[in-house]
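J.: please work out how this folds:
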Amino acid sequence: MPRTDENGRQLKALLDYLLDGDVEAKDIYDALGISSSTYYRRIKEQDYPDAEELRRVSDRFALSYPDLQIRFGLMSRQEVWSYIESAPFSVTTAVTEATKTEARPTKLSEMAPRPDAPPL
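T.: Below is the predicted model of the structure:
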């Protein structure tokens, strides 16, 4: 019997719940980087999903890796907090194109033509 989350859901059922829809098995085994036959064999094993499989799934579906580990009992919330408190790290903000540019005017009267735009 594979690992389940705190509510008894296997990984696919949890992904369906978290992503608000039906996640195809193909999407999961593509995320894991394994063949379909390996996937269907693997989902029956007792240690499925392991930490590496959860990391790959979290990367593919943009989910929280520590949250998945907690849900499947691979880490406790206390272990995550202990790690965060013990690890020296700093938080920086990512500079994106959206943060570099000024906010767009909201009123038509505030708009002006782009200087680099070709004439109409």
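J.: any idea how far stretch 2-10 is from the chain center?
T.: 18 Å (C-alpha atoms, centre = their mean, to the nearest Å).
J.: which residues touch that stretch?
T.: 11, 14, 17, 43-49, 71-73 (C-beta atoms under 8 Å, 6 or more residues apart in numbering). All C-beta spots, glycine's among them, are computed from the backbone N, C-alpha and C.
J.: return the set of buried residues in it.
T.: Applying a neighbour-count criterion of 16 or more other C-beta atoms under 10 Å, the buried positions in stretch 2-10 are 3, 5, 9-10.
J.: quick one: Ser36 and Lys26 touch, right?
T.: Yes: if you go by C-beta atoms under 8 Å, Ser36 and Lys26 touch, sitting 7.2 Å apart.
J.: okay, and for the chain, where does confidence drop off?
T.: Counting by pLDDT under 70, the chain has low-confidence residues at 89-106.
J.: show me where the chain has its helices.
T.: Taking DSSP state H to define them, one finds helices in the chain at 11-18, 25-32, 36-42, 51-61, 65-71, 77-86, 97-100.
J.: export these to a markdown table and tack on distance to Lys107?
T.: Shown next, in a markdown table, are the helices of the chain (distance: least, C-beta to C-beta, whole Å):
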| stretch | distance to Lys107 |
| --- | --- |
| helix 11-18 | 40 |
| helix 25-32 | 44 |
| helix 36-42 | 54 |
| helix 51-61 | 39 |
| helix 65-71 | 42 |
| helix 77-86 | 44 |
| helix 97-100 | 20 |
